[in-house]
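Novice: just coords:
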């Protein structure tokens with residue numbers, strides 16, 4: 001059963017404060033992240049937090065909840081903070097994990113100011129068009145993107161349950177089959193609530209990517225969005241190859257490979273937390289808290305390495321990649337390894353004026369033709385690679401000898417429902 005909501009075009013005012021009546025804690029003031037990158041931080045989705053909390057609270061959590069909890073454990077232990085857009089629902093604030101995130105100051109609330117919406121929407125539009133392989137006929141996605149961003153800030157807080165696979169599948173089908181000759185937002189407003197919710201949920205995935213790009217953050221998608229975001233990374237890798245070939249054939253063009261490509265590590269942290277907490281599922285939050293304290297020195301080194309990887313120059317970037325690898329190695333030596341792969345991926349950079357350029361007289365061209373027709377200086381900015389996505393790959397059919405699988409079975413049982 002999908003959530004019920006009413007479509008509205010109006011913005012609510014920025015959410016300045018959040019007080020946790022049930023948890024006894026208070027959330028710090030929300031803020032617009034634009035121009036203020038957070039070192040040692042990750043951008044995460046509301047759905048990830050709700051889903052992870054439900055793994056501890058639900059009588060029989062599904063696989064997506066367990067996946068999201070495993071991801072949240074790694075984030076909580078390895079990074080200083082996580083940023084969400086909008087406000088938390090009471091079900092999260094009242095949970096043991098929600099209380100932990102708030103009490104430790106790990107979870108921060110951000111909201112896009114209305115003035116920054118066009119910039120974020122333009123970046124999101126580039127990623128959406130690349131994913132769909134379409135051109136933007138008359139800017140028909142613009143209103144839907146702006147609406148989805150305002151919706152995230154206002155109405156999303158009324159949903160108290162995490163979204164699941166049927167929601168994103170519904171939205172994906174609608175976006176790929178909606179007529180191209182009508183106003184897209186008006187079409188969405190005429191659809192059933194289930195379709196409208198699914199389409200908005202999917203579109204917000206690209207707004208998260210756009211928000212991360214514009215604000216120099218790294219996005220970690222929830223279980224349901226991970227396949228879409230992984231698809232974006234793959235599609236943009238292919239597009240980037242073609243753009244690089246175009247630049248290489250231009251006088252003065254050059255192809256470069258970023259030193260941070262291929263950053264990979266494995267995370268044993270969820271397995272360790274589940275093992276230490278078994279059989280008391282309600283003790284997961286306390287074990288997470290202890291693990292975070294244990295890993296403080298390693299977390300500091302990871303933050304310093306990423307600072308140089310993301311913003312350094314020349315040899316200091318190469319050196320920082322080596323430091324990053326040593327942190328990953330030490331994590332494995334101390335806590336063991338497991339098939340929970342964490343990778344930093346790059347996407348194209350669609351911020352700036354590319355959204356405006358895409359609506360110029362190139363409307364009859366394909367999206368790839370639009371990109372290839374960009375001015376040389378803008379094209380070089382588009383392909384500039386910087387980690388913007390962190391993907392956690394945890395397969396539901398874990399190997400029978402997997403430490404994580406044994407820990408999951410011991411904590412949650414062998415009969416885990418699919419998402």
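Specialist: In hand now; what should we look at? This structure is a prediction, so every number in the text was calculated from the model and none was measured.
Novice: When you work out contacts or count neighbours from here on, use the C-alpha atoms and nothing else.
Specialist: Noted.
Novice: the helices in the stretch 201-350 of the chain, which residues?
Specialist: 223-248, 269-277, 284-294, 296-311, 315-335 (DSSP state H, counting those that start in this stretch).
Novice: which helices and strands sit right next to the second one?
Specialist: Packed against helix 269-277 by the contact rule (3 or more CA pairs under 8 Å, 6 or more residues apart in numbering; DSSP states H and E) you find helix 63-78, helix 284-294, helix 403-412.
Novice: Return the most buried member of the ones you listed.
Specialist: Greatest average neighbour count among the helices and strands packed on helix 269-277 goes to helix 63-78 (a mean of 25), per mean count of other CA atoms under 10 Å.
Novice: tell me the angle of that one relative to helix 284-294?
Specialist: 30 degrees (axes from the mean of the first three to the mean of the last three CA atoms, to 10 degrees).
Novice: so how far is residue 72 from residue 406?
Specialist: Residue 406 sits 19 Å away from residue 72, going by CA to CA, to the nearest Å.
Novice: Kindly report the same for residue 99.
Specialist: On the measure of CA to CA, residue 99 and residue 72 end up 14 Å apart.
Novice: for residue 266, same thing?
Specialist: 14 Å.
Novice: Could you double-check that residue 279 sits in contact with residue 410?
Specialist: Yes - Residue 279 lies in contact with residue 410 (CA atoms under 8 Å); the separation is 7.1 Å.
Novice: nearest residue to residue 233 other than its sequence neighbours?
Specialist: residue 347 (5.9 Å; CA to CA, 6 or more residues apart in numbering).
Novice: That neighbour - how many residues pack around it?
Specialist: Using other CA atoms under 10 Å, residue 347 is surrounded by 23 other residues.
Novice: quick one: it and residue 238 touch, right?
Specialist: No - judged on CA under 8 Å, residue 347 makes no contact with residue 238 at a distance of 10.6 Å.
Novice: before we move on, the earlier item: look at the residue nearest to residue 233 and report its pLDDT.
Specialist: We have a pLDDT of 88 for residue 347.
Novice: any low-confidence regions in the stretch 51-200 of the chain?
Specialist: Along the stretch 51-200 of the chain, the parts satisfying pLDDT under 70 run over 87-91, 93, 135-138, 150-160, 181.
Novice: which residues in it form helices?
Specialist: Under DSSP H, counting those that start in this stretch, the stretch 51-200 of the chain gives helices at 63-78, 90-93, 96-103, 117-132, 142-153, 165-177, 184-190, 193-214.
Novice: Which one of those helices lies nearest to residue 233?
Specialist: helix 117-132 (8.9 Å; CA to CA).
Novice: Who is residue 83 paired with across the strands?
Specialist: residue 43, residue 108 (DSSP bridges).
Novice: mind listing what it touches?
Specialist: 41, 42, 43, 44, 107, 108, 109, 110 (CA atoms under 8 Å, 6 or more residues apart in numbering).
Novice: separation between the second one and residue 113?
Specialist: Residue 42 is 19 Å from residue 113, where distance means CA to CA.
Novice: Also the third one?
Specialist: From residue 43 across to residue 113, the span is 17 Å (CA to CA).
Novice: who's more crowded, the two?
Specialist: residue 43 (28 against 14).
Novice: List the contacts of that one.
Specialist: Counted by CA under 8 Å, 6+ apart, residue 43 has contacts 82, 83, 84, 212, 217, 218, 219, 220.
Novice: can you rerun that using 10 Å?
Specialist: 81-85, 107-108, 110, 208-209, 211-212, 215-221, 388-390 (CA atoms under 10 Å, 6 or more residues apart in numbering).
Novice: again with residue 283
Specialist: Taking CA under 10 Å, 6+ apart, we find residue 283 in contact with 56, 96, 97, 273, 274, 276, 277.
Novice: Once you drop chain neighbours, what's closest to residue 126?
Specialist: Spatially, and ignoring its direct neighbours in sequence, residue 126 is nearest to residue 350 (5.6 Å; CA to CA, 6+ apart).
Novice: number of nearby residues for the one you found?
Specialist: Residue 350 is flanked by 25 other residues according to other CA under 10 Å.
Novice: Repeat that for residue 41.
Specialist: 22.
Novice: isn't it right next to residue 215, touching?
Specialist: No - using CA atoms under 10 Å as the test, residue 41 is too far from residue 215 to be in contact (11.8 Å).
Novice: any idea how far residue 147 is from residue 60?
Specialist: Taken as CA to CA, the span from residue 147 to residue 60 is 35 Å.
Novice: more crowded one of those two?
Specialist: residue 147 (22 against 15).
Novice: Which of the contacts of residue 283 are buried? Put it as a ChimeraX command.
Specialist: Buried residues within these, by 16 or more other CA atoms under 10 Å, are selected in ChimeraX with:
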select :56,96,97,273,274,276,277
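Novice: returning to what we had before: which one of the contacts of residue 83 is nearest to residue 396?
Specialist: Closest to residue 396, out of all of those and judged by CA to CA, is residue 44, at 21.2 Å.
Novice: Count residues in the vicinity of the closest one, would you?
Specialist: 24.
Novice: Identify the residues contacting it.
Specialist: Residue 44 neighbours (CA under 10 Å, 6+ apart): 72, 75, 82-85, 107, 208, 212, 217-222, 390.
Novice: switch to 6 Å and redo it
Specialist: 83, 84, 219, 220 (CA atoms under 6 Å, 6 or more residues apart in numbering).
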